[in-house]
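Peer 1: Please work out how this folds:
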Amino acid sequence: MDITGLSAIVTGGASGLGHAAARALAAGGARVTVLDLDPERVAAAAAEIGCHGIACDVTDAAAVSAALDGAEAVNGTIRIAVNCAGIPGGMRLVNRDGPVDMAAFARVIDVNLLGTVSVMTKCAARMMAAEPLNGDGERGIVINTASITAYEGQIGQGAYVASKGAIVSLTVQAAREFMPGGVRVMTIAPGLFRTPIADFLPEEVIDRLLDGRMFPNRFGDPAEFGRLVVDIAANPMLNGEVIRLDAGVRLQAR
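Peer 2: Next up, the predicted model:
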């Protein structure tokens with residue numbers, strides 16, 4: 001897929017990995033729309049990148065549809081959808097006060113998983129209705145964001161692990177379902193990246209993580225995530241797979 005001139009949306013695009021993905025896609029020639037929750041941050045991010053921006057709550061199905069309509073009115077039929085919207089979910093399944101707060105657990109699932117599914121399916125439906133882009137019959141691609149915690153869930157991260165593990169499991173299923181429509185589905189599972197979510201990690205946890213059992217022995221730069229997003233979109237043979245972007249780290253239980 002040649003991304004030049006193609007319409008792309010990035011959820012969670014006002015900060016962190018989403019912002020880096022939006023920046024990389026725009027630099028590669030795509031016509032990008034940034035979606036995020038806070039209108040002021042969306043406006044600032046869009047101005048910085050030089051792209052379109054729409055405030056949107058990914059947990060609101062009607063708001064998502066309206067945002068996609070707005071994106072397509074400016075940039076044309078969406079061909080690239082990158083799901084980066086997410087919230088941290090640090091909570092024990094059973095703590096000193098008893099079982100997990102189900103409302104808090106559900107909130108993480110609602111944003112991280114259901115928000116991703118909502119955007120993915122709505123974008124895929126629009127892509128499938130569009131004309132093919134090339135001789136392969138390709139009509140678009142969805143790139144979701146999971147986490148290596150989906151494989152190595154740490155104690156106290158139950159809600160986050162559940163949300164990201166479901167995204168991993170959906171990858172090949174969605175790819176198989178969308179194949180007849182010419183839409184690819186890929187997932188990136190980042191490791192340790194310096195993003196706003198990483199700010200929730202205590203310093204002692206960070207010190208334990210950066211203990212020489214990964215190379216490079218550092219947090220990832222969000223720009224490295226953005227670079228992979230562009231590479232995935234460009235390579236038509238990448239489909240139905242989860243790519244760990246983690247410098248070889250394997251998380252400990254805590």
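Peer 1: Quick check: A26 touching G53?
Peer 2: No - between A26 and G53 there is no contact under CB atoms under 8 Å: 11.7 Å. Using the backbone N, CA and C atoms, a C-beta is placed for each residue, glycine as well.
Peer 1: between the two, which one's more packed in?
Peer 2: More crowded of A26 and G53, by other CB atoms under 10 Å: G53, with 25 against 20.
Peer 1: Which strand residues bridge the more buried one?
Peer 2: In this entry, G53 is beta-bridged to V34, by DSSP bridges.
Peer 1: And it, how close does it get to D211?
Peer 2: Noted for G53: a distance of 39 Å to D211, by CB to CB, to the nearest Å.
Peer 1: do the same with I78
Peer 2: 42 Å.
Peer 1: neighbour-wise, which of those two wins?
Peer 2: The neighbour count for I78 versus D211, taken as other CB under 10 Å, is higher for I78 (24 against 10).
Peer 1: how long is stretch 75-95 from one end to the other?
Peer 2: 48 Å (CA to CA, to the nearest Å).
Peer 1: Could you check how far it is from the centre of its chain?
Peer 2: 5 Å (CA atoms, centre = their mean, to the nearest Å).
Peer 1: any chance you could map the helices in the chain?
Peer 2: Using DSSP state H, the helices of the chain run over 16-27, 39-49, 61-75, 102-108, 115-128, 158-178, 203-209, 222-234.
Peer 1: can you count the residues close to E224?
Peer 2: 16.
Peer 1: doesn't D246 make contact with it?
Peer 2: No - look at E224 against D246 with CB under 8 Å: they stay out of range, at 10.8 Å.
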